[in-house]
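K.L.:
Quick one, fold the following:
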Amino acid sequence: MAQDKELTCKDCGQSFTFTAGEQEFFQSRGFSEPIRCKTCRDIRKSQKADRGFGGGGGGRDRMKGW
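P.N.:
Residues are numbered from 1 along each chain as shown. Next up is the predicted model:
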C-alpha cells in the first residue's frame with residue numbers, strides 16, 4: 001500500500017503532502033505525480049480560464065469546399 005509522500009512544488013518551492021489516497025486516485029486515472037501544490041494548481045487553472053484555454057479552434061471551416 002502507498003504511503004504519504006512529501007513533494008516540492010515546482011512553482012513556489014513549498015513542500016506538500018501527496019497522500020496515499022491521492023496516489024491511488026492518480027494511479028487509477030493514469031495521472032502522473034503532481035508537480036505543483038494545490039494553491040499553485042488552482043492559480044494556474046484560473047490563469048488558463050482567463051486566457052480562454054482552448055486556442056480558438058476553427059480549423060474545419062478552412063476545409064469546406066475541398
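K.L.:
Could you pull out the helices in the protein for me?
P.N.:
Secondary structure of the chain (DSSP state H): helices located at 20-29, 38-50.
K.L.:
Between those helices, which one is closest to Gly13.
P.N.:
Among the helices of the chain, helix 38-50 comes nearest to Gly13, with 9.9 Å by Cβ to Cβ. Glycine gets a C-beta too; all of them are placed from N, C-alpha and C.
K.L.:
For that closest one, what is the distance to the chain centroid?
P.N.:
Helix 38-50 sits 9 Å away from the centroid of its parent chain (Cα atoms, centre = their mean, to the nearest Å).
K.L.:
Buried residues of that helix, list them for me.
P.N.:
By neighbour count with 16 or more other Cβ atoms under 10 Å, helix 38-50 contains the buried residues Cys40.
K.L.:
Next, name the residue at the spatial heart of this structure.
P.N.:
In the chain, the C-alpha nearest the mean C-alpha coordinate belongs to Arg41, at 6.5 Å (Cα atoms, centre = their mean).
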